[in-house]
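Student: I would like the atomic coordinates for the input below:
(2 chains)
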Amino acid sequence: MRFTTFLAGALTLGLASGAMAQDDPVKAGFIYVGPIGDGGWTYQHNEGRLAVEEYFGDQVETVYQESVPEGADAERAITQMALGGADIIFTTSFGFMDATNAVAAKFPDVKFEHATGYKREHPNVSTYDARFYEGRAVLGTIAGHLTETNKIGYIGSFPIPEVIQGINSAYLHAKKVNPDVEMVVTWAYTWFDPAKEADAARAMIDQGVDVILQHTDSTAPQAAAQEANENGGRVFTFGQASDMSEFAPTPRVASIIDEWSPYYIDRVQAVIDGTWEQQGSWGGMAEGEVVIGPITDAVPEDVKTEAEALIAAMKASEYHPFTGPINKQDGSVWLNEGEVARDEDLLSMNFYVEGISGDIPN
Amino acid sequence: MIRLVRRPAPSRFWAALSPLLAVALTMAVGAAMFAALGSDPLVALRTIFWEPIFGEFAWYFRGQLLVKAAPLILIAVGLAMGFRAGVWNIGAEGQYIIGAICGAAAGLALYPAETRLIFPLMVAAGALGGFLWAMIPAFLKVRFGTNEILVSLMLVYVAENLLASAAVSWLRNPESVGFPGSRNLSRWASSANPELFANTGVHWGVVAALIAVILGHVMLTRHLMGFHIRLAGSAPRAARFAGMVPGRMVVFCLGIAGVLAGMAGLFEVTGPAGQISIDFGSGYGFTAIIVAFLGRLNPLGIVAAGLLMALTYVGGDNAASNLGLPVAAISAFQGMLLFFLLAVDVLTNFRIQIGRGAVA
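Tutor: Sure, this is the predicted structure:
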């Protein structure tokens, strides 16, 4: 049994390396930060797990643990899974970064995949993320067309590069189709807190915002918009992380979906084949990891066509949302005409582009 | 007809028996719940209660029990003093968070100096932080007669917001490109609170909890202050006649709970948690209230209660991960423990009379 190998490794000095026969099913573990029924982030990761089960059948066994807090308990939960014989463990939240690396040091034969982080301290740790900013470009385009007040709201979670990329991308593409557009950013300092998210959405609506994008995972902003619409408002939203189709056709007019299945299947396959290697993966629309959910009829036909053309261009890797000329907020040049943003710059993005008002909290 | 009749004096028999009965009832009802969820109830109970102690990976889980129990015990010992004296500090969670923030801030101010003197300094700063946070409800109660339950509880939410702002701004790791969270204190030799013996789970917080239990026990049974605490709780008027100043008792009880909770927070942030993050406050301060009552407000009882509570966490995670039980079921199971304890506790002060009896 493989986990006895780990056990021996942990207890003695790792003398037992031994045979790594792959007769028994590969065990894939998933550590979730939220409940699998959150309808957003964790829900989509769990869909990815189910896709792995369906794709591999008896070859693979999956285990998961939901609602693991990002603190002292994470390390125990991950260790527990490794002890339980998992061959590959996906830790699906940024806050599991240090815990993942700490456990990886103790279980050199187990593969670890950490979502959205940047630390790969051991050869058995990979990281993966998705180019959500590609999806935001599409949502921004739709938002720019739909707004009548010319005020687009963006509920940010934390001022980290991933979120700032999304804000910039959405704004740039809204501005492209509607030069008068203004972006109102609110920081919720949470990934999932229905009450806070609803407050943020209501405050935006009170300020005259009529299209809301969110980088937080609950459906509360959708519900707040629905409530406003029932009272005579005209507010549109986009599903986040998962489709949130229960709020279609309005307020939800489209959605940005995290599709982890292709990546999970790919990585589990690599473990089965014995070809798993450390990597930092950043897939986008071309890889099928970022998907735009059905665009409803609340969106005019020509706007829908335009959005679909943009999707097609990104799927074919013909268009990069951050293509110059783009200036930074302070007016300095970031990208020259035709220049495309480098991944390093995106991964450390800590500035707004020109036209967005307000400061990024620091 | 069934009626409850007040006992002339609390029953010692039931006071001792009720925690055991509560555990038994929790297991029985919990088993029914697990069965209803489609799990084999015996397997579920064995996964929660047996495997962490005697199972295949007990060598790892036993240590984790101590890691989980230590902050609960440390906080609960402090709370028990107050609860005995009738000082209701519900805000240990806030004192725990502020202790961690103050201790971490003291350490990080000296980053990256390499000296083990930093760790004791951080412990002192953590204790002071927890103490001062507890002094707010103490001062308001003594000076203005405010209710310490409300004030201490509300201060938890203030502390949580301070924690969030520390994690995203003023204690944030400057090398983390915008990601929230402080530097990892458990990876900086000067501030680390590591396992003292490999795979035992014993860190300085466990040692501190042990010392707190012994001192708490000695104080309650052998020291005049312990006598005063017990007297203040059971007979406040008599205590006043005995020359005690009630305000001093409030300050003492909240202060000691604040110190212990603050230290617990510091040991946690430098050890198992490793960093100040938005989710650092994991509810130990609230769970410790359950532990204090489950342990009969007695330091030795609190050790047993803390370990039992830790077992439901560690074993509960084990069941969630291996049996696919929903996390909510595990939380409900833990909640049942307090519910049944409170329910059974009625029997300490009341007896059940069946049939018509004299009106009490």
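
Student: residues in the stretch 1-150 of chain A within reach of chain B, list them.
Tutor: Listed as neighbours of chain B in the stretch 1-150 of chain A under the rule C-beta under 8 Å from any C-beta of the partner chain: A:7, A:10-11, A:29, A:35, A:63-67, A:69-73, A:75-77, A:79-81, A:83-84, A:94-95, A:98, A:118. For the C-beta atoms, the positions are set from N, CA and C on the backbone; glycine is no exception.

Student: filter those down to the buried ones, ChimeraX style.
Tutor: A single ChimeraX command selects the buried members of the residues of the stretch 1-150 of chain A next to chain B (16 or more other C-beta atoms under 10 Å in any protein chain shown):
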select /A:7,10,29,35,63,64,65,66,67,69,70,71,72,73,75,76,77,79,80,81,83,84,94,95,98,118
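
Student: quick one: secondary structure of residue A:253?
Tutor: strand (DSSP: H, G, I helix; E, B strand; the rest coil).

Student: residue boundaries of the strands in chain A?
Tutor: A:26-31, A:60-65, A:88-91, A:111-115, A:125-130, A:151-156, A:182-187, A:211-214, A:236-241, A:252-258, A:280-283, A:290-293, A:326-327, A:333-335 (DSSP state E).

Student: now swap in the stretch 251-360 of chain B and tell me
Tutor: Listed in chain order, the strands of the stretch 251-360 of chain B (DSSP state E, counting those that start in this stretch) span B:350-354.

Student: who's in contact with the closest residue to residue A:323 other than its chain neighbours?
Tutor: If the residues on either side of it in the chain are set aside, residue A:323 comes closest to residue A:340, at 5.3 Å by C-beta to C-beta, 6 or more residues apart in numbering or on different chains. If you count contacts by C-beta atoms under 8 Å, 6 or more residues apart in numbering or on different chains, residue A:340 has them with A:320, A:322-324.

Student: how close does the closest residue to chain B within chain A get to residue B:71?
Tutor: Nearest residue of chain A to chain B, counting by C-beta to the nearest C-beta: residue A:72, 3.6 Å away. Separation of residue A:72 from residue B:71 (C-beta to C-beta, to the nearest Å): 9 Å.

Student: what is in contact with those two at once?
Tutor: Common contact partners of residue A:72 and residue B:71 (C-beta under 8 Å, 6+ apart): residue B:268.

Student: ramachandran angles for the residue found closest to the residue of chain A closest to chain B once you drop the neighbours it is linked to in the chain?
Tutor: Closest residue to residue A:72 apart from its sequence neighbours, by C-beta to C-beta, 6+ apart: residue B:272 at 3.6 Å. Dihedral angles of residue B:272 (phi, psi; degrees, to the nearest 10) stand at phi -60, psi -40.

Student: likewise for residue A:190?
Tutor: Per-residue torsions, residue A:190: phi -160, psi 150 (degrees, to the nearest 10).

Student: hmm, it is touching residue A:157, no?
Tutor: Yes: between residue A:190 and residue A:157 there is a contact under C-beta atoms under 8 Å: 6.4 Å.

Student: ok, residue A:342 - how many residues close by?
Tutor: Residues lying near residue A:342 (other C-beta atoms under 10 Å in any protein chain shown) number 10.

Student: worst-scoring helix or strand of chain B, pLDDT-wise?
Tutor: Least confident helix or strand of chain B, by mean pLDDT, DSSP states H and E, is helix B:236-241 with a mean of 80.

Student: residue B:19 contacts residue B:294, doesn't it?
Tutor: Yes: the pair residue B:19 and residue B:294 passes the contact test of C-beta under 8 Å, sitting 5.7 Å apart.

Student: okay, and the common contacts of these two?
Tutor: With C-beta under 8 Å, 6+ apart as the test, residue B:19 and residue B:294 both reach B:301, B:305, B:341.

Student: for the second one, give me its contacts.
Tutor: Just to be clear, that refers to residue B:305. Contacts here follow C-beta under 8 Å, 6+ apart; on that basis residue B:305 touches B:19, B:76, B:290-292, B:294-295.

Student: now do 10 Å
Tutor: Residue B:305 makes contact with B:19, B:23, B:69, B:72-73, B:76, B:288, B:290-296, B:298, B:337, B:341 under the criterion C-beta atoms under 10 Å, 6 or more residues apart in numbering or on different chains.

Student: and what of residue B:28?
Tutor: By C-beta under 10 Å, 6+ apart, residue B:28 lies in contact with B:41, B:45, B:336, B:340.

Student: good, we can wrap up now.
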